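Asker: below is the sequence, then the predicted model.
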Amino acid sequence: MTTPHQTSAEDAPLLSDELLERIRSRAAGYDRENTFFTEDFAELRELGYLTALVPAELGGLGLSLEQTAREQLRLASAAPSTALAVNMHLVWTGVAKVLRDRGDASLEFVLTEAAAGEVFGFGLSEAGNDLVLFGSTTDARPEPDGGYRFYGTKIFTSLSPVWTRLGTMGLDTTSPDAPKIVYGFITRDGGGFEVKEDWDTLGMRASQSNTTVLSGALAPADRIIRRLDPGPNPDSLVFAIFANFEILLSAVYTGIGKRALELGVAAAHRRTSLKNDGKSYAQDPDIRWRIAHAAIAQDGIYPQLDSLARDVDTLADHGAAWFPKLVGLKVRATENARFVVDHAVRVSGGSTYFATSELGRLYRDVLAGLFHPSDDESAHSTVANAVLGPIGE
C-alpha cells in the first residue's frame, strides 16, 4: 500500500531518482549565478517532459493532471526554480487538455505544437492588476482580419530565455462590443516585444521570470482563443487556467515542503548536543516535537493535492465551489510550505544562514508563494463569498 504522495510499481515516476539528483546538483549554481536552468531544461525536454499533459494520440506522454502534479512535486523537491518555470508551460498544455476533455478543441493547437517542440510561456500577470483574469492593463488593439496586437507590460514571465509561444491577454476598448478581455498567443519570431533582463530576486532565481514589454506583438486571428466580458466569467477557459495554475503551483510548493522536512530530519540526526552528553538532536524532546509538527502539517497536503487534481481529470462537477476549492488549496500549500521550511530551519540551526545551505535557499524560494495568484486576501474573499454570500446581501 502506498501513501498519496508515493508511487506504486504500476505507476512508476517519469522523473528518475538519478535525473533528480543531477538536477539537484545544479540548483545551487543556477541560484548563485542567477542563470537559467539550461542543462535541466535540455534533459527534461529530451525526456519529453514538456509533453506530459499532451494526450498520447497527439504525440505526448498522456499523463493525467494528478500524475503530472506528482511529478512536479518531485521535481520541486530537487530544484524549485526549475519546477516553477516548467509549470508555466505545463499550465498551458493542461488548459488545452482540460478544454479538450470537455469537448472544446479551441486550444488543440497548443497540444500539437507542444508535441512538436514549441515551448509555451505564461504572459498574463501585470503589476497592479489585482483583478487577475478578470481585468487587464494591457491594450488589445484589433486588426482588420480578426487578429490583435498587444501593448503593455507583463511581469513574472517564466521561461523568458526559451519560450517560443506566449499566451497573453489584454483589454479591447475600441470594438463595437467593447470592453472585452482578449486572450491570444504570440510567437517569439513574430517580434513586437522586449524581454527585460531584470530578474534579480531573493529566490526562484533560475526561473528567469523576466518582465516582457509588449509593443505591438501580434496574435493572428487563428490564435485568438477568447473574447470575454471583464469581471468574473463562467467561461471554461477561466476555469481551466485557474485549475491548472493553482494545482500545479501547489504541487511545486508541496515539493519544497517535502524536501525541507527531509533536510530537517537529517539535521536532527546529524547535530549533537553537549547538554545531552553528545546525543543527537533527534533524541531531544523539543526537536522531536518540532519535526513531528512539521511532518503532520506536510502530510495533510498530499491527499488534498491528489484529490483536487483527480477531480479535474475525472470531470467532477463542483459547480461554483470549484474556485473556493482551488484557491484554498493554493493558500494551504504555499503557507504550509513556509511553515515546514521555517521549522526545518529552526531545527537545523545557524548553518542554514550561510549562502551555501540548500535549506537556506529553500527559505528564500518558498517566499515566492506569497505573490502568486490567488493571494491570501483574494482567496479569503473568494471563500467568504462562497460561504457567507456577497457583501450587502
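Answerer: Received the coordinates, thanks.

Asker: so residue 182 sits against residue 174, correct?
Answerer: No - applying Cβ atoms under 8 Å as the test, residue 182 and residue 174 come out as separate, 11.2 Å apart. Quick note: C-beta positions are derived from backbone N, CA and C, even for glycine.

Asker: quick one: which of the two has more around it?
Answerer: Using other Cβ atoms under 10 Å as the criterion, residue 182 and residue 174 rank with residue 182 on top: 26 against 12.

Asker: quick check: closest non-adjacent residue to the more buried one.
Answerer: Leaving aside its sequence neighbours, residue 182 sits nearest to residue 140 (Cβ to Cβ, 6 or more residues apart in numbering; 4.1 Å).

Asker: OK, contacts around that neighbour?
Answerer: 148-150, 169-172, 180-182, 184 (Cβ atoms under 8 Å, 6 or more residues apart in numbering).

Asker: what ranges of this protein fall below the confidence cut-off?
Answerer: 1-11, 393 (pLDDT under 70).

Asker: circling back to that earlier point, any chance of TSV for the contacts of residue 140, columns distance to residue 240 and secondary structure?
Answerer: TSV is the format used below for those (distance: Cβ to Cβ, whole Å; DSSP: H, G, I helix; E, B strand; the rest coil):
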residue	distance to residue 240	secondary structure
148	20	strand
149	25	strand
150	21	strand
169	14	strand
170	19	strand
171	20	strand
172	21	strand
180	19	strand
181	15	strand
182	17	strand
184	15	strand
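
Asker: which one of those is nearest to residue 75?
Answerer: Closest approach to residue 75 among the contacts of residue 140 (Cβ to Cβ): residue 169, at 27.4 Å.

Asker: give me the neighbour count for that closest one.
Answerer: A count of nearby residues for residue 169, using other Cβ under 10 Å, gives 25.

Asker: what is the longest helix belonging to the chain packed up against?
Answerer: What stands out as the longest helix in the chain, according to DSSP state H, is helix 236-270. When contacts are defined as 3 or more Cβ pairs under 8 Å, 6 or more residues apart in numbering; DSSP states H and E, helix 236-270 sits against helix 65-78, helix 80-101, strand 224-228, strand 279-280, helix 285-299, helix 301-313, helix 322-348, helix 358-366.

Asker: mind running it again at 7 Å?
Answerer: Contact partners of helix 236-270 among helices and strands, from 3 or more Cβ pairs under 7 Å, 6 or more residues apart in numbering; DSSP states H and E: helix 65-78, helix 80-101, helix 285-299, helix 301-313, helix 322-348, helix 358-366.

Asker: Three-state assignment for the most far-flung residue of the chain relative to its centre, please.
Answerer: Distance from the C-alpha centroid of the chain peaks at residue 277, with 45.7 Å (Cα atoms, centre = their mean). When classified by DSSP: H, G, I helix; E, B strand; the rest coil, residue 277 comes out as coil.

Asker: phi and psi next, for it.
Answerer: Main-chain torsions, residue 277, degrees, to the nearest 10: phi 60, psi 40.

Asker: residues contacting it?
Answerer: Not one residue lies near residue 277 by Cβ atoms under 7 Å, 6 or more residues apart in numbering.

Asker: do the same with residue 214
Answerer: Listed by Cβ under 7 Å, 6+ apart, the contact partners of residue 214 are 138, 150-152, 154, 168, 192-193.

Asker: residue 389 - how many residues pack around it?
Answerer: Using other Cβ under 10 Å, residue 389 has 9 neighbouring residues.

Asker: just the residues contacting the helix or strand harbouring residue 155, thanks.
Answerer: Assessed by DSSP states H and E, residue 155 sits inside strand 148-157. Strand 148-157 is contacted from outside by 121, 123-127, 137-143, 168, 170, 182, 184, 186, 192, 209-219, 224, using Cβ under 7 Å, 6+ apart.

Asker: cool, stretch 296-306 as well?
Answerer: Here stretch 296-306 makes contact (Cβ under 7 Å, 6+ apart) with 3-5, 66, 69, 247, 250-251, 254, 257-258, 261, 329, 332-333, 336, 339-340.

Asker: Produce a ChimeraX select command limited to the buried residues of these.
Answerer: Buried residues within the contacts of stretch 296-306, by 16 or more other Cβ atoms under 10 Å, are selected in ChimeraX with:
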select :5,66,69,247,250,251,254,257,258,261,329,332,333,336,339,340
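
Asker: which of the helices and strands packed on helix 236-270 sits most buried?
Answerer: helix 80-101 (a mean of 27; mean count of other Cβ atoms under 10 Å).

Asker: OK, contacts around the closest residue to residue 347 other than its chain neighbours?
Answerer: Leaving out its chain neighbours, the residue that sits closest to residue 347 by Cβ to Cβ, 6+ apart is residue 264, at 4.6 Å. By Cβ under 7 Å, 6+ apart, the contact list for residue 264 reads 291, 294, 343-344, 347-348.

Asker: swap in residue 143?
Answerer: residue 149.

Asker: now it: phi and psi?
Answerer: Dihedral pair for residue 143: phi -100, psi 160, per degrees, to the nearest 10.

Asker: how much space separates it from residue 198?
Answerer: Look at residue 143 and residue 198: by Cβ to Cβ, to the nearest Å, they are 30 Å apart.

Asker: over to residue 164?
Answerer: Distance of residue 164 to residue 198, computed by Cβ to Cβ: 21 Å.

Asker: more crowded one of those two?
Answerer: residue 164 (14 against 11).

Asker: ok, the more buried one touching residue 188?
Answerer: Yes - between residue 164 and residue 188 there is a contact under Cβ atoms under 7 Å: 4.9 Å.

Asker: hmm, back to that, what bridges to the residue nearest to residue 182?
Answerer: residue 150 (DSSP bridges).
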